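> structural data only, the sequence is not supplied:
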């Protein structure tokens, strides 16, 4: 009986850990994307079109909305958990830095 309780506790702990990792990954990735979008918005969209400045949180919401609308349903999304977590933690700062660097270069040239 103790083995069943221990295995049930292990499954519960693994599930709670996976949900927590996903939520933290969304916040981590969205935070980096929000920072990148808000800075580029302030550099380009605001001055060009007279639009108000976006805060990081508004840009975070905009990024989540665009990602939800652009998600392709029906594609094969089966990946290993390690690959999903690696992408959730490593890609956001790298992509934000890449886009901010490209925006900075364009801003300096314009």
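Everything's here; your move. Note that the structure is a prediction, hence the values are computed from the model and not measured.
> which residue ranges of this protein form helices?
2-40, 46-49, 56-70, 81-109 (DSSP state H).
> possible to save the ones you listed as JSON lines with mean pLDDT and mean neighbour count?
To be clear about C-beta, it is placed using only N, CA and C from the backbone, and glycine gets the same treatment. What follows is the helices of the chain, written out as JSON lines (pLDDT from 0 to 100; neighbours: other CB atoms under 10 Å):
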{"stretch": "helix 2-40", "mean pLDDT": "81", "mean neighbour count": "14"}
{"stretch": "helix 46-49", "mean pLDDT": "90", "mean neighbour count": "10"}
{"stretch": "helix 56-70", "mean pLDDT": "85", "mean neighbour count": "14"}
{"stretch": "helix 81-109", "mean pLDDT": "82", "mean neighbour count": "13"}
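> ok, now which ones touch the residue nearest to the spatial centre of the chain?
Taking CA atoms, centre = their mean, the centroid of the chain lies closest to residue 29, which sits 2.6 Å from it. Neighbour list for residue 29: 88, 91, 92 [criterion: CB atoms under 8 Å, 6 or more residues apart in numbering].
> gap between it and residue 56?
Counting by CB to CB, to the nearest Å, the separation of residue 29 from residue 56 is 13 Å.
> common neighbours of these two, please.
With CB under 8 Å, 6+ apart, residue 29 and residue 56 have no common neighbours.
> could you export the contacts of residue 29 as a markdown table, including distance to residue 17?
Below are these laid out as a markdown table (distance: CB to CB, whole Å):
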| residue | distance to residue 17 |
| --- | --- |
| 88 | 14 |
| 91 | 21 |
| 92 | 20 |
